[in-house]
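Visitor: show me the folded form of this:
(chains A and B)
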Amino acid sequence: MSLEQFKNRNVGTQNYVKLDLAHTPTTGWGQFKQVVGRTFKPELFVGLWVTFREMGNALVGGKMHTTQYPFEKLPISPRYRAIHDMLRLMESGNYRCIGCGLCEKICISNCISMETKYDENQRKEVSEYTINFGRCIFCGYCAEVCPELAIVHGPRYETASEQRASFSLFEDMLTPIDKLNLQQEYDGFGAISPNADENIKPTPLAY
Amino acid sequence: MDSTMLPEVTAVGVIIKAVLILAVIAAIAGFGTYIERKILAFMQRRLGPQHVGPYGLLQLAADGIKLFTKEDIIPQHANKIIFAVAPVITAATAFIALAAVPVFPGFTIPLVDVYVPSIASDINVGILFVLGMMAAGLYGPLLAGMAQANKWGILGSARTAIQFLSYEVVTGLSILAPIMMVGSLSFVDFNDYQADGTWLVVYQPVAFVLFLIAGFAETNRTPFDLLEHEAEVISGYVTEYSGMRWGLFFIGEYANMITIGVIASVVFLGGYNDFWIFPGWLMIIGKIAFSFFFMLWVRAAWPHVRPDQLMWLCWKVLMPLAVINVVITGLVMMII
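Guide: Have a look, this model is predicted:
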């Protein structure tokens, strides 16, 4: 759409649809006809019928709309950005985080702080990792930038607690080792898209 | 039914009837809040109260405990005596009106052989008495709104005055046509008039519809609940009320709903006469229950009207229709 088109606000020359509304009656006879028409039109009974039908649907047809929240929960989208989770490798059970520090770097509200050191195998080990949830705006950049899909946004949206700190330590967010088999692969922000293989352009080996 | 064949009405029978009315109607008026919430919820495909007791049935008890233990606040600049008395007026007039209304057919208690009459007090101007009492109920909201030193209350009581006074006219005129046909003001005569199985609504459909519409306005129900319309005047005349004083207003409102239901059933819908295979007591309970349900149903389906629309409807549509209905009834009665 060009700018000129956009600025054309003359109703009727564009793709506007005019509602077919009758004009307000001006004469007394017209008003009388309108009153009589509205009086004997069964609109009110249509309203009654609709509510009665919905009651039948709810009671007999099983179309009750209520979700009894603390007992039932609706599924949330994988793209929902709730409290972070730290995932583990399925094979070894080690945490996936390689201590690269990208999430700390990209965090626009500066709420991630991490300290790393080399362990005895000269592998980066995360010695301290906290997210300050008083500052986190749940933008999802950390999950997007993470090269290992280690930090992701989990489904834990019920975050009422006495202490924000009870969510924010590395151990709190890490998948418990005994629940490793329950760990779901993340398909939200920064995850590999389902058609990733098709999008890979093979690097030519010979020039 | 010949009145000489009726068993003797004793004082004990009248007292039993009065206690029955008070206990049963007061219980139903409280229980009505539960039914209202449940039915409105179902019509909106919700579940309604369901955590207190099985199916939420004990919600009524929970609400009662809450209302009784809530702090009773009287605003500083309110007229304290009138503020305190106003809810009692509403509840009392609602129950006094029920004294002259036949709720059940008369019956005899088997072992003690006491005849309980169909009506606590069969005064020969029953309809006038009931309409008068319901009109006196106007003073509850009116005084409550004026005594509480609150703008919303004043608005609520102003609306009370215009709405109740206007619709008194429609109620009276609409019920005048059946009165002309029956020739009596006693509810028992109305019931006996329809004993042959032809309900008065067959002869007086317009009067029935007018009476129902006016009944909605008199009982302050949607679509005419302007007195306490939350979106416009907070809670109108009950803005400053809390606890059991507030509760009394609502017991009165629900008792009035039942009274309107009883009047509509007895005057227009055949009263407590037997119908086909159904005994009279079942019929009257069914009719009252349906009219109660109908009020909730309408509340779920229809929107409010504006105050000016309310006045327009009363004086320009319903009142002329009622007068025309009375005139036509008179002409037809004169010719036949």
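Visitor: so where's the chain uncertain?
Guide: No chain specified, so I'll use chain A. A:1-14, A:16 (pLDDT under 70).
Visitor: nope, chain B
Guide: B:1-8.
Visitor: separation between the residue positioned nearest the centre of chain B and A:Gly101?
Guide: The centroid of chain B falls nearest to B:Asn256 when counting by CA atoms, centre = their mean (2.6 Å). Per CB to CB, to the nearest Å, B:Asn256 is found 73 Å from A:Gly101. The way it works is simple: take the backbone N, C-alpha and C, and place the C-beta from them, glycine included.
Visitor: ditto for B:Asp122
Guide: For B:Asp122, the distance to A:Gly101 - CB to CB - is 92 Å.
Visitor: more crowded one of the two?
Guide: Each of B:Asp122 and A:Gly101 has its neighbours counted (other CB atoms under 10 Å in any protein chain shown); B:Asp122 has more, 18 against 15.
Visitor: which of the three states applies to B:Trp315?
Guide: What DSSP: H, G, I helix; E, B strand; the rest coil gives for B:Trp315 is helix.
Visitor: hang on, it packs against B:Leu165?
Guide: No. Judged on CB atoms under 8 Å, B:Trp315 makes no contact with B:Leu165 at a distance of 11.2 Å.
Visitor: list the contacts for A:Gly190?
Guide: Applying CB atoms under 8 Å, 6 or more residues apart in numbering or on different chains, we find A:Gly190 in contact with A:140, A:143-146, A:149, A:152.
Visitor: strands of chain A, start to end?
Guide: Here chain A has its strands, by DSSP state E, at A:84-86, A:112-118, A:124-131, A:151-153.
Visitor: closest one to A:Val35 among these?
Guide: Of all the strands of chain A, it is strand A:151-153 that lies closest to A:Val35, at 59.0 Å by CB to CB.
Visitor: where along the stretch 101-250 of chain B do the strands fall?
Guide: Ranges of strands in the stretch 101-250 of chain B, per DSSP state E, counting those that start in this stretch, are B:107-109, B:114-116.
Visitor: most tightly packed of the ones you listed?
Guide: Ranked by mean neighbour count under mean count of other CB atoms under 10 Å in any protein chain shown, these are led by strand B:114-116, which reaches a mean of 18.
Visitor: what does that strand rub up against?
Guide: Residues contacting strand B:114-116 (CB under 8 Å, 6+ apart): B:6-10, B:12-13, B:16-17, B:20, B:104, B:106-109.
Visitor: near chain A, list only the ones from these.
Guide: When CB under 8 Å from any CB of the partner chain is applied, no member of the contacts of strand B:114-116 is adjacent to chain A.
Visitor: the residue of the stretch 151-300 of chain B found nearest chain A: what secondary structure?
Guide: The stretch 151-300 of chain B approaches chain A most closely through B:Ala300 (4.6 Å), counting by CB to the nearest CB. Assigned with three-state DSSP, B:Ala300 falls in the helix class.
Visitor: for the closest residue to it other than its chain neighbours, grab phi and psi.
Guide: Excluding its sequence neighbours, the residue lying closest to B:Ala300 (CB to CB, 6 or more residues apart in numbering or on different chains) is B:Met43, at 3.9 Å. Dihedral pair for B:Met43: phi -70, psi -20, per degrees, to the nearest 10.
Visitor: could I get the full set of helices for the chain?
Guide: You didn't say which chain, so I picked chain A. A:3-7, A:28-40, A:43-59, A:102-106, A:141-145, A:165-168, A:170-173, A:196-199 (DSSP state H).
Visitor: actually it's chain B I care about, not the one you picked
Guide: Using DSSP H, helices in chain B cover B:11-43, B:59-69, B:80-99, B:126-136, B:139-147, B:151-182, B:187-193, B:200-203, B:205-218, B:230-233, B:243-263, B:280-301, B:307-312, B:319-335.
Visitor: other SSEs contacting the last one?
Guide: In terms of contacts (3 or more CB pairs under 8 Å, 6 or more residues apart in numbering or on different chains; DSSP states H and E), helix B:319-335 is packed against helix B:151-182, helix B:205-218.
Visitor: columns distance to A:Asn195 on top of these, output as a markdown table?
Guide: Shown next, in a markdown table, are the helices and strands packed on helix B:319-335 (distance: least, CB to CB, whole Å):
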| stretch | distance to A:Asn195 |
| --- | --- |
| helix B:151-182 | 62 |
| helix B:205-218 | 62 |
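Visitor: those helices: which one's closest to B:Gly243?
Guide: helix B:151-182 (16.6 Å).
Visitor: buried set for the closest one?
Guide: B:152-161, B:163-164, B:166-179, B:181-182 (16 or more other CB atoms under 10 Å in any protein chain shown).
Visitor: one step back: turn the strands of the stretch 101-250 of chain B into JSON lines, columns for distance to A:Ser109.
Guide: Formatted as JSON lines, the strands of the stretch 101-250 of chain B follow (distance: least, CB to CB, whole Å):
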{"stretch": "strand B:107-109", "distance to A:Ser109": "77"}
{"stretch": "strand B:114-116", "distance to A:Ser109": "77"}
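Visitor: residues in chain A within reach of chain B, list them.
Guide: A:35, A:39, A:44, A:47-48, A:50-52, A:54-55, A:57-59, A:63-66, A:68.
Visitor: my read is that the residue nearest to the centre of chain B contacts B:Ala94, right?
Guide: Yes. The pair B:Asn256 / B:Ala94 is scored as a contact, 5.0 Å apart, by CB under 8 Å.
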